[in-house]
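**Q** Fold the stuff below for me.
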Amino acid sequence: MLHRLIPHPLLSLTLVLVWIGLVNTFTLGNLILGSVFGLIIPIVTAAYWPNRPAISRPLKIAEYTLIVLWDIVVANVEVAMIILFKREQTIHSQWIPIPLELTSAEAITVLAGTITMTPGTVSATLAADCNSILVHCLHTDDPDSVRDAIKSRYESRLLEIFQ
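**A** Residues are numbered from 1 along each chain as shown. Model (predicted):
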């Protein structure tokens, strides 16, 4: 019965928190309206989630989030240094194919979003067979190290979370 009322509890909680963040005022009315959104939207969209992924290690999500936040801060400083102090001729942009071990569409989406959120890298396209993702890197002299960093810092953790 509870599964019918709240088919996606994490999505419901996220919607409530996002609503409170969007209105930027914590009141009982905003909490109730956010809760209504958090209950109705997952029920209406439940049919579009027939095979939702199983999250096997939920505590790894917190670790992954902290690593991504740290990498975003570090990458912001690195990109600022590149923009402010590197000459245009010395910037080596690279297209880097990243072979994927991930099979879940949701996990691949999280990886692509993480890469794009990290300044200096953008996930450009996913191969038709979903076996690799093409990433543009603002500056690197060693594309293999960028590929290895993405696989070890992000993909390996996502494999633990989603499988």
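
**Q** Now tell me which helix or strand of this protein has the poorest mean pLDDT.
**A** helix 2-5 (a mean of 70; mean pLDDT, DSSP states H and E).

**Q** need the next SSE after it, C-terminal direction.
**A** helix 9-23 (DSSP states H and E).

**Q** Check which residues of that following helix are buried.
**A** 11-12, 15-16, 19-20 (16 or more other CB atoms under 10 Å). (Each C-beta comes from the backbone N, C-alpha and C, glycine too.)

**Q** Pull the distance from the helix or strand just after that helix to the chain's centre.
**A** Helices and strands here follow DSSP H and E; after helix 9-23, the next one along the chain is helix 28-45. From the chain centre to the centre of helix 28-45 is a distance of 23 Å (CA atoms, centre = their mean, to the nearest Å).

**Q** Quick one: mean pLDDT for helix 28-45?
**A** Averaged across helix 28-45, pLDDT comes to 91.

**Q** What helices and strands are in contact with the helix or strand following it?
**A** Using DSSP H and E, the helix or strand that follows helix 28-45 in sequence is helix 59-85. With contacts taken as 3 or more CB pairs under 8 Å, 6 or more residues apart in numbering; DSSP states H and E, helix 59-85 sits against helix 105-117, helix 156-162.

**Q** Go again with 6 Å.
**A** Here helix 59-85 is seen to pack against helix 156-162 when contacts are counted using 3 or more CB pairs under 6 Å, 6 or more residues apart in numbering; DSSP states H and E.

**Q** Would you mark the buried spots in the helix it packs on?
**A** Buried residues in helix 156-162, defined by neighbour count with 16+ other CB under 10 Å: 157-159, 161-162.

**Q** Between these, which sits nearest Ile133?
**A** Leu158 (12.2 Å; CB to CB).

**Q** tell me the mean pLDDT for stretch 49-63?
**A** 78.

**Q** First residue to last residue on that stretch, what's the distance there?
**A** 26 Å (CA to CA, to the nearest Å).

**Q** repeat for stretch 108-127
**A** Start-to-end, stretch 108-127 (CA to CA) is 11 Å.

**Q** quick one: Ala155 and Ala105, what's the gap?
**A** Actually, residue 155 is Glu. It isn't Ala. Separation of Glu155 from Ala105 (CB to CB, to the nearest Å): 14 Å.

**Q** Return the member of the buried residues of helix 156-162 nearest to Pro53.
**A** Of the buried residues of helix 156-162, the one sitting nearest to Pro53 (CB to CB) turns out to be Phe162, at 5.3 Å.

**Q** rewinding a little: looking at Glu155 and Ala105, which one has more neighbours?
**A** Legend: neighbour count by other CB atoms under 10 Å for Glu155 and Ala105, higher for Glu155 (22 against 12).
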